[in-house]
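**Student:** can't give you the sequence, but here's the structure:
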């Protein structure tokens with residue numbers, strides 16, 4: 001018998017979190033990366049053999065490789081940091097006023113107010 005899988009509608013800002021958890025996503029990333037490297041290497045070798053570009057010295061190649069890795073890492077880190085900030089901002093925008101008030105109260109404790117102060121402020125005085 002075939003199993004019925006319930007499809008839960010995921011909100012667009014939660015898509016990256018779903019992608020990271022999915023094994024198929026990482027298999028696809030690895031496959032496309034390997035394919036791109038193979039095509040790039042074949043193209044590079046072809047251009048060097050045809051004399052269109054000169055083959056660089058060994059140390060220039062090493063320096064270029066580490067520069068490319070550094071640039072890729074920095075841009076990837078920036079991308080994921082901005083995605084996190086954007087996801088948090090969107091989450092705040094779609095909160096109901098009650099959820100936002102509860103969130104602000106929970107953050108007051110972490111910004112220096114003690115729990116007792118927060119409780120005293122929220123309790124009505126008679």
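**Tutor:** Thanks, I have the structure now. Remember, predicted model here, so these are calculated numbers, not experimental data.
**Student:** going forward, measure contacts and count neighbours with C-alpha atoms only.
**Tutor:** Noted.
**Student:** what about residue 92, neighbour count?
**Tutor:** Counted with other Cα atoms under 10 Å, the neighbours of residue 92 add up to 14.
**Student:** Same check on residue 94?
**Tutor:** Residues near residue 94, counting by other Cα under 10 Å: 10.
**Student:** how about it, phi and psi?
**Tutor:** The phi/psi pair for residue 94 (degrees, to the nearest 10) reads phi -90, psi 0.
**Student:** how near is residue 8 to residue 81?
**Tutor:** 27 Å (Cα to Cα, to the nearest Å).
**Student:** Looking at those two now, which is surrounded by more residues?
**Tutor:** Neighbour count, other Cα under 10 Å: between residue 8 and residue 81, residue 81 has more, with 12 against 6.
**Student:** Is that one within a helix or a strand, and which one?
**Tutor:** helix 58-93 (DSSP states H and E).
**Student:** what packs against that helix?
**Tutor:** Using 3 or more Cα pairs under 8 Å, 6 or more residues apart in numbering; DSSP states H and E, no helix or strand is in contact with helix 58-93.
**Student:** For the helix or strand containing residue 18, what does the pLDDT average out to?
**Tutor:** Element membership for residue 18 (DSSP H and E) is helix 15-21. For helix 15-21, mean pLDDT rounds to 79.
**Student:** Quick one: name whatever helix or strand follows it.
**Tutor:** Past helix 15-21, further along toward the C-terminus, the next helix or strand under DSSP H and E is helix 23-50.
**Student:** roughly how far is that following helix from the heart of the chain?
**Tutor:** Centroid separation for helix 23-50 versus its chain: 23 Å, with Cα atoms, centre = their mean, to the nearest Å.
**Student:** May I see the buried residues of it?
**Tutor:** With burial defined by 16 or more other Cα atoms under 10 Å, not one residue of helix 23-50 is counted as buried.
**Student:** Quick one: list the elements packing against the helix holding residue 18.
**Tutor:** Packed against helix 15-21 by the contact rule (3+ Cα pairs under 8 Å, 6+ apart) you find no helix or strand.
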